[in-house]
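[1] the amino acid sequence is not available; the structure is as follows:
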């Protein structure tokens with residue numbers, strides 16, 4: 001009997017030791033995973049968590065245990081910059097139009113989107129194909145043989161116009177794409193060095209105030225439906241090494257985005273004012289800041305359909321072979337706690 005008790009006691013001690021070891025392991029793992037995410041920031045960028053903190057005092061990043069290391073980016077020309085920096089391991093988080101994610105994967109880059117960072121809707125387009133008022137261009141067909149300003153090749157502007165041309169039975173060879181930084185596109189258009197320019201929302205609103213321009217189509221006109229236009233994500237090695245950090249970041253991103261959307265429905269001018277204040281505090285130009293929510297219930301998550309449209313354009317271009325890339329190679333919703341299959 002005594003021997004049985006001794007054996008039982010030793011077993012309990014062994015279980016307690018193993019249990020303590022497991023407990024310590026569970027306690028230490030989050031600490032090891034709680035690293036700072038390196039992310040680009042500039043004077044014109046407003047994050048939803050910044051708006052919430054200014055609006056309510058709530059620090060969503062701190063609540064979710066997210067640490068960020070902000071890397072200044074004063075001359076960003078678009079999402080391709082964040083993608084290139086992410087692939088080079090200069091930053092951890094990339095954000096940009098769908099096509100940069102497809103481009104990266106097509107070239108062998110191991111990156112994956114984990115959240116939607118911006119949407120397009122009928123009320124809130126993000127891409128404005130703009131011409132001068134006295135231009136003879138009124139439709140996509142009228143662009144044949146014309147010079148078109150795009151901020152960068154291989155991203156939003158190029159593939160949106162390719163999509164429009166495809167719908168009209170035309171090809172990209174029938175127009176001339178001129179790479180012009182966002183900050184200079186309006187000047188190039190007004191000086192008639194290009195015939196049309198794909199102005200982003202901020203640039204378009206600033207140009208509209210001056211007058212003399214009109215829009216022939218927006219990005220919404222291509223799909224005629226709300227969709228996630230830009231994705232945010234990481235290198236696959238970062239996802240594997242720091243899954244908890246990514247989940248915390250995605251939760252903070254989604255939570256703040258949804259809260260801002262709710263507040264915007266109550267008082268849009270109040271949110272716009274706060275966004276302008278943030279830009280001013282960062283040293284940016286509030287004149288080109290007209291904030292609208294990055295999240296929307298009409299297109300809450302990235303979908304296969306969303307991605308496949310752009311993959312098909314890459315196949316048409318001969319950049320991808322049919323079946324070479326599938327949507328699940330480009331994105332995943334597994335790190336998003338709000339996502340329910």
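    Here it is on my side, so go on. Note that the structure is predicted; figures quoted are calculated from it, not measured.
[2] in the stretch 151-300 of the chain, which spans are helices?
    Remark: helices assigned in the stretch 151-300 of the chain by DSSP state H, counting those that start in this stretch are 156-167, 182-190, 201-210, 220-223, 236-241, 243-266, 268-281.
[3] give the buried residues for the shortest one.
    The neighbour-count criterion (16 or more other Cβ atoms under 10 Å) identifies 220, 221, 222 as the buried residues of helix 220-223. Any C-beta I mention is one placed from the backbone N, CA and C, and that applies to glycine too.
[4] next one: the last one
    By neighbour count, with 16+ other Cβ under 10 Å as the criterion, the buried positions of helix 268-281 are 271, 272, 274, 275, 276, 277, 278, 279.
[5] give me the contacts around that helix.
    43-44, 46, 50-51, 54-55, 260, 263-264, 285-286, 289-291, 293 (Cβ atoms under 8 Å, 6 or more residues apart in numbering).
[6] for the helix or strand containing residue 113, packing partners?
    Per DSSP states H and E: residue 113 is located in strand 111-120. With contacts defined as 3 or more Cβ pairs under 8 Å, 6 or more residues apart in numbering; DSSP states H and E, the packing partners of strand 111-120 are helix 79-87, strand 93-97, helix 98-106, strand 227-235, helix 236-241, helix 243-266, helix 327-330.
[7] next helix or strand past that strand?
    strand 127-132.
[8] so where is the stretch 201-341 of the chain shaky, pLDDT-wise?
    Applying pLDDT under 70 to the stretch 201-341 of the chain flags residues 288-289, 341.
[9] next: the stretch 1-150 of the chain.
    Counting by pLDDT under 70, the stretch 1-150 of the chain has low-confidence residues at 1-34, 74-78.
[10] how does the chain divide up, domain by domain?
    According to automatic domain parsing, the chain comprises the domains 1-33, 34-120+229-330, 127-223.
[11] TSV please, covering these and showing distance to residue 337.
    Below are the domains of the chain laid out as TSV (distance: least, Cβ to Cβ, whole Å):
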stretch	distance to residue 337
domain 1-33	16
domain 34-120+229-330	5
domain 127-223	28
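[12] of all these, which lies closest to residue 340?
    domain 34-120+229-330 (9.5 Å; Cβ to Cβ).
[13] for residue 233, give me its contacts.
    Residues in contact with residue 233, defined by Cβ under 8 Å, 6+ apart, are 93, 94, 95, 101, 111, 112, 113, 114, 115, 331.
[14] again, only this time at 7 Å
    Residue 233 makes contact with 94, 111, 112, 113, 114, according to Cβ atoms under 7 Å, 6 or more residues apart in numbering.
[15] of those residues, closest to residue 245?
    Of all the contacts of residue 233, residue 245 sits closest to residue 114, with 11.5 Å by Cβ to Cβ.
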